[in-house]
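Novice: Please work out how this folds:
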Amino acid sequence: MPTRTIVAAALCGLFATPALAEVPPDVQAMIDAAIATGDKAKVETVFDLAKQTQPDHAEEIEALAVAWQADQEEAKRLAEQHKKEEIRQAGLLDLWSGEGQVGAFLSTGNSEDAGLSVALNLKREGIDWTHALRASADYQRSNGVTSRERYLIAYEPRFEMGENLFAYGLAQYEHDKFQGFDHRYAVSGGIGYTLLDSDSATLSIKAGPAYRVTQRTDGTSVDRIAGLFGMDFDWKLSDRITFTQDANAVAETGAEALLIVDSANTTFNLLSGIDFKVSDRLRSRLSYQLEYNSNVRADQSSTDTLTRFTLVYGF
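Specialist: Okay, here's the model as predicted:
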């Protein structure tokens with residue numbers, strides 16, 4: 001063999017990176033089993049324990065961990081790319097999801113009471129746009145006399161302007177003669193910002209001008225420029241329990257609140273709730289709602305409260 005070839009071979013042997021040894025079969029089996037569960041936290045824990053219990057193979061185990069993480073990121077990128085392509089090709093009636101809820105009660109004896117509460121939430125999430133439709137109805141009779149009758153329907157589009165910043169629109173209709181109005185219409189538009197967005201909690205705020213028309217039960221009608229402020233907060237306490245406390249331009253389902261202020265009347269609607277997961281699609285919901293109107297007739301209360309227990313079905 002020529003001298004030059006021998007020297008070159010020696011240099012290659014001196015500077016080449018040594019091949020990583022194989023991970024012990026039992027450790028490899030444990031890592032494979034953790035990866036098969038699809039539980040990221042469990043996989044990371046197994047990698048950490050494997051490196052601690054097998055220090056002689058820590059480098060090889062770390063290489064496996066890096067490769068697994070790269071695979072996860074690539075799978076996530078491909079999933080997001082596929083989702084965007086589906087959204088681009090979807091029709092107007094596609095990609096809608098939502099939930100419906102219903103609750104009722106009936107009592108007899110010294111007093112005869114019956115009540116019904118229903119609500120429907122629909123949402124369509126696109127790449128930049130989100131569309132939300134909400135509708136609800138509360139009805140109650142006591143001793144043959146209607147004591148509560150409230151209806152709400154709202155449409156709220158949202159456009160993502162950049163990281164955490166969004167623009168919103170709102171069109172809302174309400175009927176509640178026990179609060180002093182037969183019909184109340186509101187439209188609003190403004191800017192919002194997402195303050196917190198994690199797997200367990202989300203928090204966003206928004207504000208903007210609003211225009212409201214109120215047709216009162218006494219036959220009069222007023223229209224005014226108003227200001228609107230909203231806040232949405234959701235907190236996943238566990239896999240089965242979720243708390244929602246939102247101050248939002250749209251007040252319905254879960255826990256939401258509405259604040260609209262004009263020169264003659266301030267309205268505030270707060271809805272707080274806790275959801276308990278029964279199955280993948282079915283939840284039970286306990287909620288408390290407070291409605292406030294600063295400008296009501298002398299024979300009316302400015303504040304109404306309602307506690308509900310409802311079943312919620314997601315689809």
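
Novice: any chance you could map the helices in the chain?
Specialist: Using DSSP state H, the helices of the chain run over 3-15, 25-37, 40-53, 58-89.

Novice: Out of those, which gets nearest to Arg150?
Specialist: Counting by C-beta to C-beta, Arg150 lies closest to helix 58-89 out of these; the figure is 35.4 Å. Every residue, glycine included, has its C-beta placed from N, CA and C.

Novice: Counting by contacts, list what the closest one packs against.
Specialist: helix 25-37, helix 40-53 (3 or more C-beta pairs under 8 Å, 6 or more residues apart in numbering; DSSP states H and E).

Novice: average model confidence for stretch 29-37?
Specialist: Stretch 29-37 shows an average pLDDT of 90 in the prediction.

Novice: mind listing what's buried in it?
Specialist: Met30, Ile31, Ala34, Ile35 (16 or more other C-beta atoms under 10 Å).

Novice: Listing request: residues of the stretch 151-300 of the chain with sub-threshold pLDDT.
Specialist: 245-258, 262-264 (pLDDT under 70).

Novice: all strands of it, in order?
Specialist: Using DSSP state E, counting those that start in this stretch, the strands of the stretch 151-300 of the chain run over residues 165-176, 181-197, 201-216, 221-236, 241-246, 257-261, 266-277, 282-293.

Novice: quick revisit: now the helices of the chain as CSV including distance to Leu259?
Specialist: Formatted as CSV, the helices of the chain follow (distance: least, C-beta to C-beta, whole Å):
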stretch, distance to Leu259
helix 3-15, 70
helix 25-37, 45
helix 40-53, 39
helix 58-89, 33
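
Novice: Throw the helices and strands packed on helix 58-89 into TSV and include distance to Asp239, thanks.
Specialist: Shown next, in TSV, are these (distance: least, C-beta to C-beta, whole Å):
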stretch	distance to Asp239
helix 25-37	15
helix 40-53	13
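
Novice: looking at those helices, which is closest to Leu120?
Specialist: helix 40-53 (34.3 Å).

Novice: Just the CA atoms of that closest one, as PDB, please.
Specialist: C-alpha atoms of helix 40-53 as PDB (Å, rounded to 0.1, in the frame of the first residue of the first chain):
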ATOM      1  CA  LYS A  40     -45.500  14.000  24.800                       C
ATOM      2  CA  ALA A  41     -45.000  14.400  28.500                       C
ATOM      3  CA  LYS A  42     -44.600  10.700  29.100                       C
ATOM      4  CA  VAL A  43     -42.100  10.400  26.300                       C
ATOM      5  CA  GLU A  44     -40.000  13.200  27.600                       C
ATOM      6  CA  THR A  45     -40.100  11.700  31.100                       C
ATOM      7  CA  VAL A  46     -39.000   8.300  29.800                       C
ATOM      8  CA  PHE A  47     -36.000   9.900  27.900                       C
ATOM      9  CA  ASP A  48     -35.000  11.700  31.100                       C
ATOM     10  CA  LEU A  49     -35.200   8.500  33.200                       C
ATOM     11  CA  ALA A  50     -33.400   6.500  30.600                       C
ATOM     12  CA  LYS A  51     -30.400   9.000  30.600                       C
ATOM     13  CA  GLN A  52     -30.300   9.000  34.400                       C
ATOM     14  CA  THR A  53     -30.400   5.200  34.700                       C
END
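
Novice: Before I go, just wanted to say thanks for your time.
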